[in-house]
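Asker: Sequence first, then the predicted structure:
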2 protein chains.
Amino acid sequence: MISEVIGEKAGIINQEIKKLLSVKEPEGLYSATRHYLKAGGKRLRPVITLIAAEALGEDSRKVLPAGIAIETIHNFTLIHDDIMDEDEMRRGVRTVHTLYGIPTAILAGDTLYAEAFDILASCEADPENVVRAVSSLARVCVEICEGQYMDMSFEERSDVSEEEYLEMVRKKTGVLIGISASIPAILFGEDKKVEKALWNYGIYSGIGFQIHDDLLDITGKERIGKDWGSDIVEGKKTLIVIKAFEQGVELETFGKGKASRGDLERDIKKLFDCGAVDYARKKARQYVEVAKSQLDVLPENEARTHLKELADYLIERDY
Amino acid sequence: MISEVIGEKAGIINQEIKKLLSVKEPEGLYSATRHYLKAGGKRLRPVITLIAAEALGEDSRKVLPAGIAIETIHNFTLIHDDIMDEDEMRRGVRTVHTLYGIPTAILAGDTLYAEAFDILASCEADPENVVRAVSSLARVCVEICEGQYMDMSFEERSDVSEEEYLEMVRKKTGVLIGISASIPAILFGEDKKVEKALWNYGIYSGIGFQIHDDLLDITGKERIGKDWGSDIVEGKKTLIVIKAFEQGVELETFGKGKASRGDLERDIKKLFDCGAVDYARKKARQYVEVAKSQLDVLPENEARTHLKELADYLIERDY
């Protein structure tokens, strides 16, 4: 079962996080910095890094710092995004800025950002490859910022196209999963073709993952720390909504800030009826299939199978 | 004249900034990102980097990306600090968050942060040394965050000691100047002793620089984009104020948010009368002298003299 593989790797990662990202002085800053890391999370990105290393026939321990660096970057983006989006809950706990205030939350993110690059630089690999990994991760971070900016700017627009949405999601979610999968290839100095295949695997999986995440907002059960239908009342331009708008569907609760359960249910029924939900489901599946097909250039082994299963898992999870 | 040397180097740096940090798409994000870089600034940190390379007998062009990376980090900290401190003016222009909003300002800082590491990774030096430079800059960034956190937490305390102030200033201002001076030694693989001397030169100069900056707030002429005595009305725990408080001086306008010119002048007179201003001036001078003495392990040459003159310049400027 892929969930067992994930759980086992996550255990290794959590131990390393405890070691590398402890709470230091000043305690007020570091407890904010570690808040989400302690609250849990599946560690999917570093899990992908470890499995990708194994798929290349390498010892996954060697890329553990790279995986932690990526998880650290992920956590920094969560803290800053929550400030920007004014979100109050995350992973079942209150968001960093609601607990510690915006100034400390900004600093907590900034601290993690720097720690990530320090940890990545500690990777025991050919220094030339470490430099390439640093540069690649830095470029990924730039793209994440661009993606978040696009996402925010979409809120003020009513004409966001599917193409624009996909570009936004590629940047906001795809590239960090892309680097998670390809950083072992960079660090071990693998062939460019292999690096590119793993990068694309991550990008396409990431896009599928994000579309699925959008779907969960309306099809999922109650989600920890996030309300059902919250993307709709917050006016988020998800693929589902973009598709529905293309067909002239009107949503009464869209971007209203809050809505009654009844009104929300009526809007969500419209999204199902017009085929937008099915369309998004199909798209998520297509992206994951393309992601998996990228791996065919890699040697056939158990880890490669796990990567494929993990991509499926990303769009099958129901929370 | 050292100011001419600074001006000449700043010209080279500005050209490179234009090249490496252009405005791209999404334009709304990148114009926020480049806002302070375009507004000017003396580029003191990268100027130090270039001169330090020359003091080591090396071609300063080779460390230009490292200097730009440090200036980029400096600019990122300005954007985020201005949000935290709720400042409205900087370098004679409106602050990024007042012009573009807090979410975009957070992202602008985050973008610069990543660009800095990408630029640093592009340095043409032995990759092993580049990795060390990345790691050193990352650790510096962590300390800057800690320093800013200390500075913020001092605002809620009345018992900040001189020792704590100096530790805060070392982190908030010293370490970035420390890395500015020492990064050429890291990149060229110089002896640890030389690297340490340049690091200490930067740390001590930086502390002197910050004490002088605090002095300018009350002794300087009107400063562009910052009001006379603003540190006092904002309740900043500067060395001057700490010294005055130690002697039981009471300041009526301290931390009051705003004050009449007359009340402010009366408080500032108290700071002069109790000897706190003189004490701070003496301390700034002492730090700069210690900074200069560090350089004695370096070979005697013109650039070394320039570094010493630059340290003097840091506490003699009147704006």
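Answerer: Here it is on my side, so go on. Numbers count the residues shown, from 1 in each chain, chains lettered A, B, ... in the order given.
Asker: In terms of helix, strand or coil, where does the closest residue to A:Ser230 other than its chain neighbours fall?
Answerer: Residue nearest to A:Ser230 in three dimensions, not counting chain neighbours: A:Asp217, with 6.4 Å by C-beta to C-beta, 6 or more residues apart in numbering or on different chains. All C-beta spots, glycine's among them, are computed from the backbone N, C-alpha and C. Under the three-state scheme (DSSP: H, G, I helix; E, B strand; the rest coil), A:Asp217 adopts helix.
Asker: State the pLDDT value of A:Gly147.
Answerer: A:Gly147 carries a pLDDT score of 98 in this model.
Asker: Secondary structure element for it, which one?
Answerer: helix A:127-154 (DSSP states H and E).
Asker: angle of that helix against helix B:127-154?
Answerer: 40 degrees (axes from the mean of the first three to the mean of the last three C-alpha atoms, to 10 degrees).
Asker: Helix A:127-154 vs chain B: in contact?
Answerer: Yes - Helix A:127-154 reaches chain B (C-beta under 8 Å from any C-beta of the partner chain) through A:127-128, A:130-132, A:134-135, A:137-142, A:145-146, A:148-150, A:152-153.
Asker: And that helix, what's buried?
Answerer: A:127, A:129-154 (16 or more other C-beta atoms under 10 Å in any protein chain shown).
Asker: And for stretch A:101-113?
Answerer: Here stretch A:101-113 shows A:Pro103, A:Thr104, A:Ala105, A:Ile106, A:Leu107, A:Ala108, A:Gly109, A:Asp110, A:Thr111, A:Leu112, A:Tyr113 as buried, counting by 16+ other C-beta under 10 Å.
Asker: Tell me how many other residues crowd the residue nearest to A:Ser230.
Answerer: 20 (other C-beta atoms under 10 Å in any protein chain shown).
Asker: CA atoms only for stretch A:55-75, dumped as CSV, please.
Answerer: The C-alpha trace of stretch A:55-75 is given here as CSV (Å, rounded to 0.1, in the frame of the first residue of the first chain):
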residue,chain,number,x,y,z
ALA,A,55,14.0,5.1,-8.1
LEU,A,56,17.4,6.3,-9.3
GLY,A,57,19.0,3.4,-7.4
GLU,A,58,20.5,5.7,-4.8
ASP,A,59,20.5,5.8,-1.1
SER,A,60,17.6,8.1,-0.1
ARG,A,61,19.4,9.1,3.1
LYS,A,62,21.7,11.3,1.0
VAL,A,63,18.9,13.5,-0.2
LEU,A,64,17.1,13.8,3.2
PRO,A,65,18.4,17.3,3.7
ALA,A,66,17.1,18.3,0.3
GLY,A,67,13.7,16.9,1.2
ILE,A,68,13.7,18.8,4.5
ALA,A,69,14.7,22.0,2.7
ILE,A,70,11.7,21.6,0.4
GLU,A,71,9.3,20.9,3.2
THR,A,72,10.7,23.9,5.0
ILE,A,73,10.1,26.1,1.9
HIS,A,74,6.6,24.6,1.8
ASN,A,75,6.0,25.6,5.4
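Asker: That stretch close to chain B?
Answerer: No - on the criterion C-beta under 8 Å from any C-beta, stretch A:55-75 is out of touch with chain B, staying 9.3 Å away.
Asker: Pull out the buried positions in that stretch.
Answerer: Buried, per 16+ other C-beta under 10 Å, within stretch A:55-75: A:55-56, A:58, A:60, A:62-75.
Asker: again with stretch A:235-246
Answerer: Applying 16+ other C-beta under 10 Å to stretch A:235-246 flags A:Gly235, A:Lys236, A:Lys237, A:Thr238, A:Leu239, A:Ile240, A:Val241, A:Ile242, A:Lys243, A:Ala244, A:Phe245 as buried.
Asker: Starting from A:Lys236, give me the distance back to A:Ala105.
Answerer: In this view, A:Ala105 and A:Lys236 are 22 Å apart by C-beta to C-beta, to the nearest Å.
Asker: In the stretch 51-200 of chain A, mark out all the helices, start to finish.
Answerer: A:64-85, A:96-100, A:102-121, A:127-154, A:162-169, A:175-187, A:192-219 (DSSP state H, counting those that start in this stretch).
Asker: Including distance to A:Lys270, could the ones you listed go into JSON lines?
Answerer: Shown next, in JSON lines, are the helices of the stretch 51-200 of chain A (distance: least, C-beta to C-beta, whole Å):
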{"stretch": "helix A:64-85", "distance to A:Lys270": "25"}
{"stretch": "helix A:96-100", "distance to A:Lys270": "33"}
{"stretch": "helix A:102-121", "distance to A:Lys270": "37"}
{"stretch": "helix A:127-154", "distance to A:Lys270": "20"}
{"stretch": "helix A:162-169", "distance to A:Lys270": "18"}
{"stretch": "helix A:175-187", "distance to A:Lys270": "31"}
{"stretch": "helix A:192-219", "distance to A:Lys270": "11"}
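Asker: right, so of these, which gets closest to B:Lys42?
Answerer: helix A:102-121 (23.8 Å; C-beta to C-beta).
Asker: does chain B sit close to that closest one?
Answerer: Yes - against chain B, helix A:102-121 shows contacts by C-beta under 8 Å from any C-beta at A:102-104, A:106-107, A:109-111, A:113-118, A:120-121.
Asker: Could you do stretch A:6-26 as well?
Answerer: Yes - counting by C-beta under 8 Å from any C-beta, contacts between stretch A:6-26 and chain B involve A:Glu25, A:Pro26.
Asker: for that stretch, which positions count as buried?
Answerer: A:Ile6, A:Lys9, A:Ala10, A:Ile12, A:Ile13, A:Asn14, A:Glu16, A:Ile17, A:Leu20, A:Leu21.
Asker: hang on, the first one packs against A:Leu314?
Answerer: When you say that, I think you mean A:Ile6. No - the criterion here is C-beta atoms under 8 Å, and A:Ile6 misses it with A:Leu314 at 10.5 Å.
Asker: joint contacts of the two?
Answerer: By C-beta atoms under 8 Å, 6 or more residues apart in numbering or on different chains, A:Ile6 and A:Leu314 have these common neighbours: A:Leu44.
Asker: pLDDT weak spots in the stretch 101-250 of chain A?
Answerer: A:220-226 (pLDDT under 70).
Asker: so which helix or strand takes in the residue lying farthest from the centre of chain A?
Answerer: Distance to the chain centre peaks in chain A at A:Gly262, reaching 31.1 Å (criterion: C-alpha atoms, centre = their mean). Assigning secondary structure by DSSP H and E places A:Gly262 in helix A:261-273.
Asker: tell me the average confidence for that helix?
Answerer: Mean predicted lDDT for helix A:261-273 stands at 95.
Asker: quick one: it to helix A:192-219, angle?
Answerer: Using the same axes, to 10 degrees: helix A:261-273 against helix A:192-219 is 130 degrees.
Asker: what's in contact with the next helix or strand along the chain from helix A:261-273?
Answerer: Downstream of helix A:261-273, the first helix or strand assigned by DSSP H and E is helix A:276-294. Outside helix A:276-294, the residues that touch it by C-beta under 8 Å, 6+ apart are A:197-198, A:200-205, A:207-209, A:211-212, A:214-215, A:218-219, A:238-241, A:243-244, A:247, A:249, A:271-272, A:307-308, A:311-312, A:314-315.
Asker: what is the rounded mean pLDDT of helix A:276-294?
Answerer: 98.
Asker: and whichever helix or strand comes after that helix, C-alpha only, in PDB?
Answerer: Next in sequence after helix A:276-294, counting helices and strands by DSSP H and E, comes helix A:302-314. What follows is helix A:302-314, C-alpha atoms only, in PDB (Å, rounded to 0.1, in the frame of the first residue of the first chain):
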ATOM      1  CA  GLU A 302       9.800  -0.900  -6.900                       C
ATOM      2  CA  ALA A 303      10.400   2.800  -6.200                       C
ATOM      3  CA  ARG A 304       9.300   3.800  -9.600                       C
ATOM      4  CA  THR A 305       6.100   1.900  -9.000                       C
ATOM      5  CA  HIS A 306       5.700   3.700  -5.700                       C
ATOM      6  CA  LEU A 307       6.000   7.100  -7.500                       C
ATOM      7  CA  LYS A 308       3.300   6.100  -9.900                       C
ATOM      8  CA  GLU A 309       1.100   4.900  -7.000                       C
ATOM      9  CA  LEU A 310       1.800   8.200  -5.200                       C
ATOM     10  CA  ALA A 311       0.600  10.200  -8.200                       C
ATOM     11  CA  ASP A 312      -2.700   8.200  -8.100                       C
ATOM     12  CA  TYR A 313      -2.900   8.700  -4.400                       C
ATOM     13  CA  LEU A 314      -2.600  12.500  -4.800                       C
END
